[in-house]
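Student: Just the structure for this:
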Amino acid sequence: MTSDPVPPPPSAPLPVSPSTVSPPPADLPVDERRVRRLLGELDLEPGVERASLQLRIGPAPLGEGWDNVLWPVGKHRPVGEERPERGHRQQAGADGRPVVLRVVRRDAARPLLMREAIVLRLLNGAGPLPMRIPDLLGTHPEALLVTWTSGEVAASAPSPQQERAAVALAEMLGAVHSLPITAPLERNPVRGVPLATRAAAFAHDLDRAELPARARDEARRRWERGLDASTWTGPDLLLHGDPHPGNLVVPEAGTEPPVLIDWGDATPGDPASDLGALLLHRPDAAILARYRAAATWPGIEDEARWAALAERAGAWSVRLALAMVTAYPAEHPLGGAGHRLLDA
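Tutor: As a prediction, this is how the structure comes out:
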């Protein structure tokens, strides 16, 4: 049986508790020597010129997640873009956007890296989106070269920024779900799938979560309502796969839109699992209504179909929240997000 993955440490820094679950050991250790080799073997994306990359390998990684290590490697400034005049105050990013090499640290994660490249290309060719995504600059079977945004993830951002990020994510998911899937995309075994296939995982985590009786009963009730709702009969939609509050970066500037990262779990399927993750950002019906207003996929206007989707999304939200509270302590931002939903 395939189990839901534990939410990995995100690509932007989070306060980490000593009791936080540790990533599995790396079977592809990442060090400066490997980073340097991979940079030399990259295939650059169309339109990206070597001259636009100001490469300087940093002394240490910016972060390490379940599957990848993010290593700073310089900046990207498209050829022909003017530098600011001497003596003028430079705006953030005027000398180029920071770039990182996203290096796979486990052999089993190679397919996720390639899936991310496929989806980033698809999205970059889809026209304007409500939210930023990393720019894909180069690929290798073991690494992606992407732009980096400094900031904090939504899970640890101040409440007003969390609220704005949730609204932006609702609109982003509405837009992404409405895009045609124009490239082959492998199905994720634990996202976008029928709820019944996750019943054993739900029961296992509910037993381990040590919730108060009221929260436990409410989680079971919401799960069963989702199971009782009509199953998804529409076409497979393009899903992010894991848009939880650790995969949404709020830029330091505060005025730029958030960045939705970590597309390795993207999949075709039922949008209910993405909407369950959306409810981790803001657990109320209003955020689902915001999504519905932005989505244009066929059948979104059907009231019966929407009602069933909302029930399944509620079930997915408790499934994902249980995964978080059993993986992270309550004082960790991701553990806290799980508890807030289960206590709502």
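Student: Going by C-alpha atoms from here, please, whenever you check contacts or count neighbours.
Tutor: Will do.
Student: where does the protein have low pLDDT?
Tutor: For the chain, the stretches flagged by pLDDT under 70 are 1-22, 80-94, 253-255.
Student: which other helices and strands contact the helix ranked longest in it?
Tutor: The single longest helix within the chain, with elements called by DSSP state H, is helix 303-325. Applying 3 or more Cα pairs under 8 Å, 6 or more residues apart in numbering; DSSP states H and E, one finds that helix 303-325 contacts helix 199-208, helix 213-228, helix 272-281, helix 333-343.
Student: what about 10 Å?
Tutor: helix 199-208, helix 213-228, helix 272-281, helix 285-294, helix 333-343 (3 or more Cα pairs under 10 Å, 6 or more residues apart in numbering; DSSP states H and E).
Student: what's the angle from that helix to helix 285-294?
Tutor: Put simply, helix 303-325 runs at 120 degrees to helix 285-294, going by axes from the mean of the first three to the mean of the last three Cα atoms, to 10 degrees.
Student: Turn the helices and strands packed on helix 303-325 into CSV, columns for mean neighbour count.
Tutor: Output for the helices and strands packed on helix 303-325, formatted as CSV (neighbours: other Cα atoms under 10 Å):
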stretch, mean neighbour count
helix 199-208, 16
helix 213-228, 17
helix 272-281, 27
helix 285-294, 17
helix 333-343, 23
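Student: Pipe the ones you listed into JSON lines and attach distance to R102 per row.
Tutor: Shown next, in JSON lines, are the helices and strands packed on helix 303-325 (distance: least, Cα to Cα, whole Å):
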{"stretch": "helix 199-208", "distance to R102": "30"}
{"stretch": "helix 213-228", "distance to R102": "36"}
{"stretch": "helix 272-281", "distance to R102": "24"}
{"stretch": "helix 285-294", "distance to R102": "30"}
{"stretch": "helix 333-343", "distance to R102": "22"}
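Student: which of the residues in the longest helix of the chain are buried?
Tutor: 305, 308-325 (16 or more other Cα atoms under 10 Å).
Student: Do I have it right that G338 meets T326?
Tutor: Yes: assessed by Cα atoms under 10 Å, G338 is found in contact with T326 at 9.2 Å.
Student: Tell me which stretches of the stretch 1-150 of the chain form strands.
Tutor: All strands of the stretch 1-150 of the chain, identified by DSSP state E, counting those that start in this stretch, fall at 43-44, 53-55, 63-64, 68-76, 97-104, 136-140, 143-147.
Student: now the ones you listed as TSV including mean neighbour count and distance to P257?
Tutor: Below are those laid out as TSV (neighbours: other Cα atoms under 10 Å; distance: least, Cα to Cα, whole Å):
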stretch	mean neighbour count	distance to P257
strand 43-44	16	26
strand 53-55	18	24
strand 63-64	20	22
strand 68-76	24	20
strand 97-104	25	15
strand 136-140	21	18
strand 143-147	26	15
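Student: Quick one: closest of those strands to G174.
Tutor: Across the strands of the stretch 1-150 of the chain, G174 has its closest neighbour in strand 136-140 (22.1 Å, Cα to Cα).
Student: Convert the C-alpha atoms of the closest one to PDB, please.
Tutor: Taking Å, rounded to 0.1, in the frame of the first residue of the first chain, the C-alpha atoms of strand 136-140 are listed here in PDB:
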ATOM      1  CA  LEU A 136      13.000  27.200 -15.100                       C
ATOM      2  CA  LEU A 137      16.400  28.100 -16.600                       C
ATOM      3  CA  GLY A 138      18.100  24.700 -17.100                       C
ATOM      4  CA  THR A 139      17.700  21.000 -16.500                       C
ATOM      5  CA  HIS A 140      19.800  17.900 -15.800                       C
END
